[in-house]
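Novice: Okay, here's the prediction I keep looking at, along with the sequence it came from:
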Amino acid sequence: QVQLVESGGGSVQAGGSLRLSCAPSGSIFSINVMGWYRQAPGKRREWVADISSDGTANYFESVKGRFTISRDNAKNMVYLQMNSLKPEDTAVYYCNVDWLRIGGQIINDVWGQGTQVTVSS
């Protein structure tokens, strides 16, 4: 079973930076869109950013200019560089892949276990 493994969460003060990383376990042939979501306490999970296999990136309005998503297709990894962090960015951040291929098998909608990001004022 494929899993996404995230790392890089932690606690920072407002204005600080963190970099999240995510990679699937096992040998993956190809991955389509890779993205990040977040869920704050008591709120619904929301989309943050995503990036297609050709490098086209999209961002939620509130993170534009502060967050940068990138990927390394050779390593099947996706990153989220978060700068100028605000207390309202506090949430559990989840990595997501819309689909990936292992050999001849397509697996849809794969999620990581989440990593906590806490921003204090």
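Specialist: That came in fine, so what should we check first? All figures in this text were calculated on a predicted structure; none of them were measured in a lab.
Novice: Grab the nearest non-local neighbour of the most centrally placed residue in the chain.
Specialist: Centrality entry for the chain: nearest residue to the mean C-alpha point is W36, 3.0 Å, by Cα atoms, centre = their mean. Distances taken as Cβ to Cβ, 6 or more residues apart in numbering put V48 closest to W36, at 4.4 Å, once the chain neighbours are dropped. For every residue, glycine as well, the C-beta is placed using N, CA and C.
Novice: residues in contact with the helix or strand containing the residue nearest to the centre of the chain?
Specialist: According to DSSP states H and E, W36 maps onto strand 34-39. With Cβ atoms under 8 Å, 6 or more residues apart in numbering as the test, strand 34-39 has contacts from 20, 22, 45-51, 69, 71, 78, 80, 89, 91-98, 114, 117.
Novice: Can you select the buried ones from these in ChimeraX?
Specialist: Per 16 or more other Cβ atoms under 10 Å, the buried members of the contacts of strand 34-39 correspond to this ChimeraX selection:
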select :20,22,48,49,50,51,69,71,78,80,89,91,92,93,94,95,96,97,114,117
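Novice: that older thread, what bridges to the residue nearest to the centre of the chain?
Specialist: Note on W36: beta-bridge partners A49, C95, judged by DSSP bridges.
Novice: let's have the chain start at 46 instead
Specialist: Fine by me, first position is 46 from now on; the one you just mentioned is W81.
Novice: how far away is it from T160?
Specialist: With distances taken as Cβ to Cβ, to the nearest Å, W81 is found 10 Å from T160.
Novice: overlap in contacts of those two?
Specialist: The contact lists of W81 and T160 share L65, Y138, where a contact means Cβ under 8 Å, 6+ apart.
Novice: Going by residue numbers, what spans are strands in this structure?
Specialist: In the chain, strands defined by DSSP state E lie at 49-52, 55-58, 63-69, 75-76, 79-84, 91-96, 102-104, 112-117, 122-127, 136-147, 150-156, 160-165, listed in chain order.
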